[in-house]
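Visitor: Return atomic coordinates for the entry below.
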Amino acid sequence: MTTSPPPRRYLFALVDGGGTVPPELAAARRLVARGHHVTVLAEDSMVADVQATGAAFRPWISAPNRATRLPEDDPSRDWECSNPLALFARLRERVFVGPAPAYAADTTAAIGDVRPDLVVCSFFAIGAMAAAEAAGLPFDVLFPNAYLLPTPGIPPVGLGLAPARGAAGRTRDRLVTALTRRQWDKGVPGLNDLRASLGLPPVATFFDQVHRARRELVLTSAGFDFPGTLPPNVRYVGAVLDDPTWAADAPWEPPGGDRPLVLVALSSTFQDQGACLQRVVDAVGSLPVDAIVTTGPAIDPASLDAPAGVTIVRAAPHSAILGHAAAVVTHGGHGTVVRALAAGVPLVVLPHGRDQADNGRRVTSRGAGIVLSRNARPTPLATAIRRVLDDPAFAAAAGELGATIRADAAGDALIGELEGVPDRSNRPSEPARSGRV
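Guide: Residues are numbered from 1 along each chain as shown. Take a look at the predicted model:
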């Protein structure tokens, strides 16, 4: 780690995306450890996680502020949408454009109090980006996953596509990208209304607001993502392999005996995964393995029936478990996938939505696992798990990709990029370092 520069002030504007929270807050924690002054503008569902970093917590006031990670507090409820066009509309109106003026108002107020050198934004916090820009401040955008925005060479997101091959593949990418751009760009009028109210010029496309960032920081390894022609402000800074705060200190002891250990971990947020999780439990229960199933905050372990050899808990430290595991069954969230790969553990991926099919494709394209439908029944699930356990090629491929992920995660690219912002003068006295402000 390089020598820390003089203390800077950072304002993080974060939206609770479940699996996005641990890597985003790891960036805040590392800045605090380096002596910087960090305030995190976030939802009440994140207060304990923020306080664990040593940063100051500041709640969203006008913007959406979910109290918990339970489904009734989820503003998007994306699991209700089977129609992709309806999902686009819901995300635009409930997450991105609809609340953007409220995010901008809260961020503007926080900027006035904190006087940050840099604003660090969740990808969801479009209004916070505009507020930072209007205040004349640099802002960075965090991508705690593979790179999500349309760019030549990387397949369009959301469908689990492989990189294009030949003219047909390139045509596929152009058509799918054009379709998805049209859906996102339906949010441009609302975004430009906000920008006009802040005294900013209009943008031509929805993602132009993101591209105005000082840096787009991709919190994964370039070796995990597919190669593409990226905007000049994009930086791969390595994956964050830390366990979530709510799981890091949970008790766990490895089972005795010599049976293979399988970790089952679906989403930490509600994605209507209860039935899928029970089918996975039934599948691993039919195999000569031991299994540890972590449900996360959104699913009650008592709602699942556990056969012999299967332990079901709300939380356990995945980093410790992965040192003993022979396979992982997951929905394909980026955090679980890269931690498994970093430990050299192959995967069975059951995508539920979001970026999960794309993560699954990155796994299978390297030979490090298998992707099945989330609706797969216990017998094909058991067959897939047995296959990744029995065929050493899967573990070898996971180990090869994992070595790259570990090396990038061990570097200091993330903190180096965040500390690269210039100091600003005329700063007020220090804000509180923890608790609410």
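Visitor: Wait, residue 213 touches residue 141, no?
Guide: Yes - here residue 213 reaches residue 141: they are 4.6 Å apart, a contact under Cβ atoms under 8 Å. Every residue, glycine included, has its C-beta placed from N, CA and C.
Visitor: Spit out the residues that contact those two alike.
Guide: 121, 129 (Cβ atoms under 8 Å, 6 or more residues apart in numbering).
Visitor: Between these two, which is the more surrounded one?
Guide: residue 141 (27 against 22; other Cβ atoms under 10 Å).
Visitor: Confirm that the more buried one lies within a helix, as I assumed.
Guide: No - if the criterion is DSSP: H, G, I helix; E, B strand; the rest coil, then residue 141 is strand and not within a helix.
Visitor: I'd guessed it sits against residue 210; true?
Guide: Yes - Residue 141 is in contact with residue 210 according to Cβ under 8 Å; the separation is 5.5 Å.
Visitor: okay, and the common contacts of those two?
Guide: In contact with both residue 141 and residue 210: 123, 129, 216, using Cβ under 8 Å, 6+ apart.
Visitor: Neighbour-wise, which one of the residues you listed leads?
Guide: Per-residue neighbour counts (other Cβ under 10 Å) across those peak at residue 129, which has 26 neighbours.
Visitor: could you list every residue that touches that one?
Guide: Contacts of residue 129 by Cβ under 8 Å, 6+ apart are 119, 121, 139, 141, 209-210, 212-213.
Visitor: Tell me the secondary structure of it, please.
Guide: helix.
Visitor: which of the residues in the lowest-mean-pLDDT helix or strand in the chain are buried?
Guide: Within the chain, no helix or strand scores below helix 84-91, which has a mean of 73 by mean pLDDT, DSSP states H and E. Burial within helix 84-91, assessed by neighbour count using 16 or more other Cβ atoms under 10 Å, is assigned to 87-88, 90-91.
Visitor: Please apply the same query to stretch 311-327.
Guide: In stretch 311-327, counting by 16+ other Cβ under 10 Å, buried: 312, 314-318, 320-322, 324-327.
Visitor: Over to stretch 209-217?
Guide: Going by 16+ other Cβ under 10 Å, stretch 209-217 has these buried residues: 209-210, 212-217.
Visitor: and the residue minimising distance to the centre of the chain, what is it in contact with?
Guide: The chain has residue 20 as the residue nearest its centroid, 3.0 Å off, counting by Cα atoms, centre = their mean. Residue 20 makes contact with 122-123, 142, 144-145, according to Cβ under 8 Å, 6+ apart.
Visitor: Give me the buried entries from these.
Guide: Buried members of those, counted by 16+ other Cβ under 10 Å: 122-123, 142, 144-145.
Visitor: among the residues you listed, which are in helices?
Guide: Within these, no residue falls in helices by DSSP state H.
Visitor: Looking at these, spot the one nearest residue 202.
Guide: Comparing the buried ones among the contacts of residue 20 against residue 202 with Cβ to Cβ places residue 123 closest, at 20.7 Å.
Visitor: I figured that closest one hits residue 140, correct?
Guide: No - with contacts counted by Cβ under 8 Å, residue 123 stays clear of residue 140, the gap being 11.0 Å.
Visitor: Strands of the stretch 201-350 of the chain, residue ranges please.
Guide: 215-218, 234-236, 261-265, 290-294, 310-313, 327-330, 347-349 (DSSP state E, counting those that start in this stretch).
Visitor: whoops, I mixed them up, the stretch 51-200 of the chain
Guide: Using DSSP E, counting those that start in this stretch, the strands of the stretch 51-200 of the chain run over 56-59, 118-122, 139-143.
Visitor: closest to residue 410 out of those?
Guide: strand 139-143 (19.2 Å).
Visitor: relative to strand 118-122, how tilted is that closest one?
Guide: Put simply, strand 139-143 runs at 30 degrees to strand 118-122, going by axes from the mean of the first three to the mean of the last three Cα atoms, to 10 degrees.
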